[in-house]
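# 3D model of this:
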Amino acid sequence: MDFGGDDVREGLRRVEEACEGLEVGVVINNVGMTYPRAMWFHEVEEKVWRKIVRVNMEGTTSVTKVVLKGMLERRRGAIVNIGSAAAVVVPSHPLFTIYAATKAYVDQLSRSLYVEYGQYGIHVQCQVPLYVATNMASGVASIERASLFVPTAEAYARAAIREIGLKPRCTPYWAHSIQWCLANFIPDPLLDAWRLSIGMRRRNQKEH
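Numbers count the residues shown, from 1 in each chain. The predicted structure follows:
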């Protein structure tokens, strides 16, 4: 469903129509968008950041709200929200600040719902991928092909499915888990400086 329009309610209406009469057991909220390129916070146009907030936060929240009612009646179900390493694995994500902030919202929303509704047989999970070879990653990170640490969307999906219903937060793809583990040993100031240098380099590349 497309939540990128000016009114999320249209996309939500389509979700409600698609779910009507169905017993939805598993929902994967994979909506997400980011900046067209690395940008300082003050450079981001209002229409851009509002669309990011609308898609990443309002879209995820609205779909969850729609499907949760039926799951609650049946006392079972699973909701998977796709977060981002930008909000969890690293302490900051400069030059993509609003994107990272919206994904932090997804992480906290998922954890709190996990606690609220676990007692009713509903498992809510936030999956935290690092880079996956998608159009979005290609556009902002110049990722042209899959590699050991950058799986294809299909490879990530296979790993993701195996983790549904287990932990409240996870990084399904094995190579991403290794990267997350290694990041835990690096002091936050060093990670901040590293992420800032990467963001500035990507911004400069897009300008030339």
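
# enumerate every residue touching the residue nearest the centre of the chain.
Relative to the mean C-alpha position of the chain, the nearest C-alpha, by C-alpha atoms, centre = their mean, is the one of residue 83, at 2.7 Å. Applying C-beta atoms under 8 Å, 6 or more residues apart in numbering to residue 83 gives the contacts 103, 106, 107, 110, 126, 127, 128, 129, 169. Where C-beta positions appear, they are placed from N, C-alpha and C, glycine not excepted.

# try residue 87
By C-beta under 8 Å, 6+ apart, the contact set of residue 87 is 93, 100, 101, 103, 104, 106, 107, 128.

# from these, which single one is nearest residue 50?
Compare each of those with residue 50 using C-beta to C-beta and the shortest gap goes to residue 101, at 13.2 Å.

# check which helix or strand covers the nearest residue to that closest one once chain neighbours are set aside.
Leaving out its chain neighbours, the residue that sits closest to residue 101 by C-beta to C-beta, 6 or more residues apart in numbering is residue 87, at 7.4 Å. When secondary structure is defined using DSSP states H and E, the element that contains residue 87 is helix 85-88.

# relative to the whole chain's centre, how far out is that helix?
9 Å (C-alpha atoms, centre = their mean, to the nearest Å).

# which stretches of the chain have low pLDDT?
Across the chain, the stretches falling below the confidence threshold (pLDDT under 70) are 1-8, 137-144, 206-208.

# now do the helices in it.
The residue ranges that make up the helices of the chain, judged by DSSP state H, are 8-19, 46-53, 60-74, 85-88, 97-117, 135-141, 153-163, 174-183, 188-207.
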